[in-house]
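*Asks:* Take this sequence and fold it.
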Amino acid sequence: MARHIAIAGNIGAGKTTLTNLLAKHYHWDVQLEDMDENPYISDFYEDMQRWSFNLQVYFLNTRWQRIQEIRTGEKTVIQDRTIYEDAHIFAPNLHAMGLMSTRDFENYSRLFDNIKQQIKAPDLLIFLRAGIPKLVDQIQMRGRDYEDAIRLDYLKRLNERYEAWIADYKLGPLLIFNTDEMNFQENPEDLSHIINQVESTLNGLF
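*Replies:* Residues are numbered from 1 along each chain as shown. Below you'll find the model as predicted:
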């Protein structure tokens, strides 16, 4: 049975790394967040107020398309970041910071509400929790030029919204891992722990 597995978490939490590791282990297809192909991301970090709405609509449209591809496909897919994070974390945060107008935010929210009625939640959501020092270290380590402009208060606000969202998440099975306390990229025991939890949850589901 084809399934949709998704990994959620703040910028730099380790989503892409874990996505690739689990895909390799289970031979799942991968859908990554391809920032290099994003036509707005660099402009957004240079001028968030000007480009916030454009960026969020781009993400919404792209993720909606990918969900449709996953649900009509025949293979299990693991996805880096979800459509829900844009709507519940990034867009509301931009609005609260005055970086997206109320008019644009309400328009975006109505669009998401319409899309939400047409999609099914992931069969398993994995949330990676990470503190600010861990996020900063990993953002600096990967060295993306456009991420140099990310401010600490921006990451902090996102973390707060992630915690609020995940506390109320009721759309399906959920696993939470604290990446401050593990290094699944270099420590096989940490990765095995995650795989065991995923295995247990999926077997319990099906």
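
*Asks:* Give the residue spans of the protein that score low on pLDDT.
*Replies:* The chain contains residues with pLDDT under 70 at 36, 142-150, 205-206.

*Asks:* please redo it, this time with the cut-off set to 80
*Replies:* Low-confidence segments of the chain (pLDDT under 80): 1, 33-36, 139-151, 204-206.

*Asks:* Next, name the residue at the spatial heart of it.
*Replies:* residue 81 (2.4 Å; C-alpha atoms, centre = their mean).

*Asks:* list the contacts for residue 62?
*Replies:* For residue 62, no residue meets the contact criterion (C-beta atoms under 8 Å, 6 or more residues apart in numbering). From N, CA and C alone the C-beta is placed, and that goes for glycine too.

*Asks:* residue ranges for the helices of the chain, please.
*Replies:* 15-26, 41-46, 48-72, 83-85, 91-96, 102-116, 132-142, 152-167, 188-205 (DSSP state H).

*Asks:* Just put these in JSON lines and tack on distance to residue 7.
*Replies:* Below are those laid out as JSON lines (distance: least, C-beta to C-beta, whole Å):
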{"stretch": "helix 15-26", "distance to residue 7": "5"}
{"stretch": "helix 41-46", "distance to residue 7": "19"}
{"stretch": "helix 48-72", "distance to residue 7": "13"}
{"stretch": "helix 83-85", "distance to residue 7": "10"}
{"stretch": "helix 91-96", "distance to residue 7": "20"}
{"stretch": "helix 102-116", "distance to residue 7": "20"}
{"stretch": "helix 132-142", "distance to residue 7": "14"}
{"stretch": "helix 152-167", "distance to residue 7": "12"}
{"stretch": "helix 188-205", "distance to residue 7": "10"}
